[in-house]
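Peer 1: Please work out how this folds:
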Amino acid sequence: MSNDISPLVLKIAAALEKRHQSLALAESCTGGLVSTVITRQAGVSSFFKGSVISYANSAKAELLGVPEHLLNVIGAVSEPVAKYMARGVRKQFGSDWAVSITGIAGPGGGQPDKPVGTVCFAVVGPGIEVFCRQQFENNGREFIQKASAEFALEYLWTQIHQV
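Peer 2: Got it, this is the predicted structure:
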């Protein structure tokens, strides 16, 4: 992770605390890394409600309400699945904001239309619901996970900052 990530977490924390708003996460390919980065900072319980690590498709369906037919037809690594994950974790925790991450960190699992390094994100918040797909360089599993965690926090900050 870059050294710039801690100041970003502090900015997110300050904005959410000022607004008396909360955050929850749904992580798949990052396996809790974003949650770890956030909870490295003291005092985050003032805004951070928790996270769900939904690595398996069954967890995405059972814990977050992602429709099974969606997982079967378009797959877990897609913008619609990311959107359902964010909606689901927001509902589970009753948070104001939610971020989701689902992707292929490798080394295997890639396909021609979704190579290793494909990661989908969603941010759901007050009056906002956005999602995107990023393609990170296949520089190894750890690189993809770290790049995804950093992007997720930047994506969240962009949305919070615009509201």
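Peer 1: Hmm, L156 is touching A122, no?
Peer 2: No - using Cβ atoms under 8 Å as the test, L156 is too far from A122 to be in contact (10.3 Å). In this view, the C-beta of every residue, glycine as well, is placed from N, C-alpha and C.
Peer 1: got any residues that touch both of the two?
Peer 2: Residues touching both L156 and A122 (Cβ atoms under 8 Å, 6 or more residues apart in numbering): V99.
Peer 1: what comes into contact with stretch 124-137?
Peer 2: Residues outside stretch 124-137 that contact it (Cβ under 8 Å, 6+ apart): 21, 78-80, 82-83, 86-87, 90, 96-98, 115, 117-123, 143-144, 147-148, 151, 155, 159-160, 162-163.
Peer 1: Name the residues of that stretch that are buried.
Peer 2: V124, G125, V130, F131, Q134, F136 (16 or more other Cβ atoms under 10 Å).
Peer 1: contacting residues for the residue lying farthest from the centre of the chain?
Peer 2: The C-alpha centroid of the chain is most remote from P112, which lies 23.5 Å away (Cα atoms, centre = their mean). By Cβ under 8 Å, 6+ apart, P112 lies in contact with nothing.
Peer 1: what's the most distant pair in the buried residues of stretch 124-137?
Peer 2: Spatial extent of these (Cβ to Cβ) is set by the pair G125 and F136 at 24.1 Å.
Peer 1: What segments of this structure are strands?
Peer 2: Applying DSSP state E to the chain gives strands spanning 23-27, 48-53, 97-103, 118-125, 128-135.
Peer 1: Throw these into CSV and include mean pLDDT, thanks.
Peer 2: Below are the strands of the chain laid out as CSV (pLDDT from 0 to 100):
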stretch, mean pLDDT
strand 23-27, 99
strand 48-53, 99
strand 97-103, 99
strand 118-125, 99
strand 128-135, 98
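Peer 1: Could you give the bridge partners of I128?
Peer 2: For I128, the beta-bridge partners under DSSP bridges are G125.
Peer 1: Please tell me how far it sits from M85.
Peer 2: 16 Å (Cβ to Cβ, to the nearest Å).
Peer 1: Against G117, how distant is F131?
Peer 2: Distance of F131 to G117, given as Cβ to Cβ: 17 Å.
Peer 1: what's the angle between the lengthiest helix in the chain and strand 97-103?
Peer 2: Ranked by number of residues, the top helix in the chain under DSSP state H is helix 141-162. Orientation check (axes from the mean of the first three to the mean of the last three Cα atoms, to 10 degrees): helix 141-162 against strand 97-103 gives 150 degrees.
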